[in-house]
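**Student:** I'll drop the sequence and a predicted model, then ask my questions.
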Amino acid sequence: GFSYQRINAFRQYGAIGDPLQDAILELYTGSFYTRWQSKDRKYQLLASYTHFTHQMQEQGGIDDGQDSLYSYGDEIAQLSNEVQNWQTRNRIRLYNEYKMADLFRLFFITEYFWQRDNYRDEDLVTNASFYGVDSLLTENFLVDSARIGDNYRYRLFTQKGGIKGQKGAINYWAYAKRRDYSVSNGEYDSTYTIRGRSENFVGGRINLYLADSTLFDVEGEYLIGRDYLLKAQFKSKWFSAGVQSTFYSPTIAQDNYFSNIDRWDNNFNSTLSNDIFGELRLSLGNLEINPSGRYSIINNYIYFQELVNETEAPNDESEESDNSRRSSVVPQQSSAAIQQLQFRLQLNYQWRKLHFDNNVTYTSEISNTNLLRFPELLINSHVYYSGKIFRDVEYGQVGLQFNYRTAFRADAYAPAFKQFYLQDDFLVRNYPLLDVYASFLIKKVRVFLKLSHVNQGWLPPPLDGYAVTPFYAGMQRTLSFGFNWLFFD
């Protein structure tokens with residue numbers, strides 16, 4: 001079979017009224033998949049190819065004060081129209097399996113993945129202040145004072161083979177895995193290239209199912225000489241609990257980066273994260289009550305932060321010597337242990353075909369390092385009718401969704417690096433968000449409609465909208481629609 005999806009989006013702010021020039025986003029996804037099985041059913045082959053393209057005109061948020069973000073059509077973008085952000089991903093995957101017995105099945109997976117990240121700013125002189133550099137100081141630019149032309153290419157080849165099986169209540173996997181990867185920046189291949197890197201893993205997982213729906217689940221993976229993942233979980237009809245420990249290396253972008261406006265070459269330590277979690281499942285007639293909690297402790301946490309340096313402008317006969325402010329978004333590593341505590345309460349109630357689903361989440365960083373930024377309280381409520389609505393509609397759902405979060409200093413976004421970073425100047429305010437939607441299944445076609453941000457403008461300015469992250473206003477009242485058509489019985 002195959003699947004295809006396309007999404008187009010247009011400017012919410014800085015629009016000029018021309019649909020061609022106001023188009024800001026094109027997104028395409030597609031996949032093809034097939035399966036073959038031998039006549040004796042002992043061997044099977046599964047193959048798939050997936051493609052993803054995301055191309056957008058980067059705006060950098062709204063060029064206005066915090067209390068003036070929600071006029072939309074009257075606002076202007078921080079970046080000029082000459083900035084493009086483009087990403088493509090491709091993946092080919094082959095899965096082979098040979099069954100010797102229910103308890104012994106050999107499998108081998110081959111996967112090739114390649115990704116391209118392109119960021120171009122052809123008007124760097126105009127946009128220099130957005131990146132925290134002075135366009136008059138050519139030493140602020142590592143290659144070219146007129147443009148940014150990042151063209152990162154990442155390739156990954158993975159081979160994974162092992163044995164798995166199931167017999168009665170036991171289900172297990174055991175495998176070895178190898179990954180070979182390379183990274184380069186097409187604009188600066190001579191300066192930034194990572195080739196011939198490889199990683200070797202061993203891992204496994206075992207599940208034990210009991211007759212009363214009880215599950216014991218243990219899994220682990222070890223990157224030889226470096227990282228590991230260990231997880232154990234117990235699930236029953238009434239409660240679940242588990243522990244997880246992860247020791248992982250810095251990402252490529254955290255350790256090594258080169259662009260026209262910044263570069264770094266770090267040697268960070270690996271991060272250690274330990275979690276303990278649990279959940280209760282209570283049922284009182286039509287009411288389900290599920291309280292849960294999680295405690296996490298993170299050591300050697302890596303994050304991005306804006307640093308400010310003072311650079312001295314060159315002195316010549318036409319200009320006086322001056323100090324210029326240069327800011328950089330760079331990765332940092334914390335030596336403090338970060339402790340986070342989270343509680344969640346899920347309440348679901350059903351009366352005939354009417355459903356009330358509610359989630360309340362409380363999160364606190366009890367170590368007070370202020371390196372993890374999140375709203376202290378999140379509320380999600382969902383009220384919907386589910387069932388047959390019209391004679392020709394086999395299934396339908398009509399509902400209302402409410403979301404609320406408390407205020408917090410959300411991480412800012414640096415589009416050139418595609419990274420979020422800590423900031424202390426912009427408070428993302430608390431805001432209620434209301435959506436309504438309808439979904440219908442008519443034979444093989446599913447149709448959906450959604451009106452987002454119904455309550456836009458219900459509150460007086462400057463409380464008449466919300467920000468998802470500093471200077472990026474949330475979606476204004478928008479009608480979305482689409483359909484999903486299955487071409488098989």
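**Tutor:** Yep, it's here.
**Student:** burial count for the closest residue to residue 143 other than its chain neighbours?
**Tutor:** In this structure, residue 143 finds its nearest non-sequential neighbour in residue 260, 4.7 Å apart by Cβ to Cβ, 6 or more residues apart in numbering. Where you see a C-beta, it was placed from the backbone N, CA and C, and this is true even at glycine. Applying other Cβ atoms under 10 Å, we find 24 residues neighbouring residue 260.
**Student:** Residue 285 now?
**Tutor:** Quick note: residue 285 (other Cβ under 10 Å) scores 7 neighbours.
**Student:** gap between it and residue 173?
**Tutor:** 40 Å (Cβ to Cβ, to the nearest Å).
**Student:** and if you look at residue 117?
**Tutor:** 33 Å.
**Student:** Specify the local secondary structure of the residue nearest to residue 143.
**Tutor:** coil (DSSP: H, G, I helix; E, B strand; the rest coil).
**Student:** does it really touch residue 151, like I thought?
**Tutor:** No: with contacts counted by Cβ atoms under 8 Å, residue 260 stays clear of residue 151, the gap being 11.5 Å.
**Student:** which residues does residue 89 bridge with?
**Tutor:** With DSSP bridges as the criterion, residue 89 is bridged to residue 52, residue 115.
**Student:** that older thread, where's the residue nearest to residue 143 relative to residue 156, distance?
**Tutor:** To residue 156, residue 260 is 26 Å away according to Cβ to Cβ.
**Student:** Can you name the residues bridging to residue 3?
**Tutor:** On the basis of DSSP bridges, residue 3 is bridged to residue 31.
**Student:** thought it was touching residue 48?
**Tutor:** No: here residue 3 lies out of contact with residue 48, judged by Cβ under 8 Å, at a distance of 10.5 Å.
**Student:** what about the two, which has more around it?
**Tutor:** Using other Cβ under 10 Å as the criterion, residue 3 and residue 48 rank with residue 48 on top: 16 against 11.
**Student:** check contacts around the more buried one.
**Tutor:** 31, 32, 33, 34, 91, 92, 93 (Cβ atoms under 8 Å, 6 or more residues apart in numbering).
**Student:** Apply the buried test to those and list what passes.
**Tutor:** 91, 93 (16 or more other Cβ atoms under 10 Å).
**Student:** Looking at the contacts of residue 48, which is nearest residue 448?
**Tutor:** residue 31 (20.4 Å; Cβ to Cβ).
**Student:** Just the pLDDT for that closest one.
**Tutor:** With respect to pLDDT, residue 31 scores 97.
**Student:** Next, find the distance separating the residue nearest to residue 143 from residue 133.
**Tutor:** Going from residue 260 to residue 133 by Cβ to Cβ gives 10 Å.
**Student:** and residue 404, how many residues sit next to it?
**Tutor:** By the criterion of other Cβ under 10 Å, residue 404 has 16 neighbours.
**Student:** That one: what's it in contact with?
**Tutor:** Neighbouring residues of residue 404 by Cβ under 8 Å, 6+ apart: 377, 378, 379, 430, 431, 432, 433.
**Student:** Mind checking which of those residues are in strands?
**Tutor:** Of the contacts of residue 404, the ones assigned to strands by DSSP state E are 377, 378, 379, 431, 432, 433.
**Student:** what are the ranges of the helices in the stretch 1-150 of the chain?
**Tutor:** For the stretch 1-150 of the chain, the helices defined by DSSP state H, counting those that start in this stretch cover 19-22, 124-127.
**Student:** I'd like these written out as JSON lines, with mean pLDDT and mean neighbour count added.
**Tutor:** Output for the helices of the stretch 1-150 of the chain, formatted as JSON lines (pLDDT from 0 to 100; neighbours: other Cβ atoms under 10 Å):
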{"stretch": "helix 19-22", "mean pLDDT": "76", "mean neighbour count": "11"}
{"stretch": "helix 124-127", "mean pLDDT": "88", "mean neighbour count": "18"}
